[in-house]
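Visitor: sequence and predicted structure below; questions after.
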Amino acid sequence: MGDNAANVLQVYADKRRSMRLLLSNDDGCQSAGLAALAEACRPFGEIFVAAPDRDRSGASNSLTLDRPLSVETDERGFHCINGTPTDCVHLALTCLLDEPPDMVISGINHGANLGDDVLYSGTVAAAMEGRFLGRPAMAVSLAGRPPQHLDTAARVVALLVERLRTAPLPELTLLNVNVPDLPFEQLAGFRVTRLGHRHPSEAVTRMQDPQGRTVYWIGGVGDARDAGEGTDFHAVAEGHVSLTPLTVDMTRHGAIAPLQDWVRALEELA
Ligand code: MN
């Protein structure tokens, strides 16, 4: 092999060793899950952490448009932002990073993000905000409340990053990962899943505040309704790491043709 080819290969090998990973979450900068994610990702190269300065679970894909955002860098070099998970990844990609990262990873969330949870989840939203990069994005959640085995989820992240860097997923595929809260050795393996569904949320609690005004506290998530074989709920319940590929296209393609007929009749009414 000529020197030139050897050099090219060396450069390629170095490139493979050193990745640039953008990390975020919705539980906030101080979350133990974020620290565990950072530790799992550090061996792969350069990490850049941009996360909300407090718990913003349930923030979904919201952007803060009614006030400016500020960035505080803590003693670990984490960028803590007074905004939503989506704000954090958006700012990192558009302003804070000189070069686009190779991957966006969000988590490790304290608690599962299964089925309908993905609509409300700030963890999934942070990963989703990386979609315009055309690079892999991954949301990772640990299914305990409170979770016990962050080290298990961290080892799962390391395996997935290793796999993704040599075999990236198709563009615009977001991986929603849920890890059972078990010791790593007790995991049953990996399952590719679809989203299941939950029953409607628990009832809203109505109460009086100290001034005697009625206030409302939104309830927790409902139990699983569609949790059969093939769903993310089922995989996690059976001790498997659940990997659900998500897409941002919410179009109900099968309804386009029937809706066209429906609209034709509507035009006849007019
Ligand atoms: Mn959360």
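Guide: Structure received.
Visitor: how many neighbours does the spatially closest residue to G222 that is not a sequence neighbour have?
Guide: Once flanking residues are discounted, G222 sits nearest to H199: 3.6 Å by Cβ to Cβ, 6 or more residues apart in numbering. C-beta here means a position set from N, CA and C on the backbone, and glycine is covered the same way. If you count neighbours by other Cβ atoms under 10 Å, H199 ends up with 12.
Visitor: what sits against H199?
Guide: 222-225 (Cβ atoms under 8 Å, 6 or more residues apart in numbering).
Visitor: okay, now R194: neighbour count?
Guide: 15.
Visitor: quick check, G28 in a strand?
Guide: No - read with DSSP: H, G, I helix; E, B strand; the rest coil, G28 is coil and lies in no strand.
Visitor: mind listing what it touches?
Guide: G28 makes contact with 34, 51-56, 80 under the criterion Cβ under 8 Å, 6+ apart.
Visitor: which one (most neighbours) among those residues?
Guide: A51 (30 neighbours).
Visitor: ok, the residue nearest the centre of the chain - contacts?
Guide: Centroid-nearest residue in the chain, with Cα atoms, centre = their mean: A139, separated by 2.5 Å. Taking Cβ under 8 Å, 6+ apart, we find A139 in contact with 105-107, 109, 113, 121, 123-124, 126-128, 174-177.
Visitor: where's it, which helix or strand?
Guide: In this structure, A139 is located in strand 137-142 according to DSSP states H and E.
Visitor: next helix or strand past that strand?
Guide: Toward the C-terminus, strand 137-142 is succeeded by helix 150-166 as the next helix or strand (DSSP H and E).
Visitor: and the residue nearest to H149 when sequence neighbours are not counted, what's its pLDDT?
Guide: Setting aside the residues directly before and after it, H149 is nearest to D181 in space (Cβ to Cβ, 6+ apart), at 5.2 Å. The per-residue pLDDT reported for D181 equals 98.
Visitor: do the same with the one 5 residues further on
Guide: Looking at Q186, its pLDDT stands at 98.
Visitor: quick check, it in contact with G239.
Guide: Yes - counting by Cβ atoms under 8 Å, Q186 does reach G239; the two are 6.7 Å apart.
Visitor: and I47, what are its bridge partners?
Guide: Beta-bridge pairing for I47 (DSSP bridges): L21.
Visitor: so it touches C41, yeah?
Guide: Yes - between I47 and C41 there is a contact under Cβ under 8 Å: 5.1 Å.
Visitor: in this protein, what residue comes closest to the ion?
Guide: S57 (3.3 Å; Cβ to the ion).
Visitor: now F190: which helix or strand?
Guide: Counting by DSSP H and E, F190 is part of strand 189-192.
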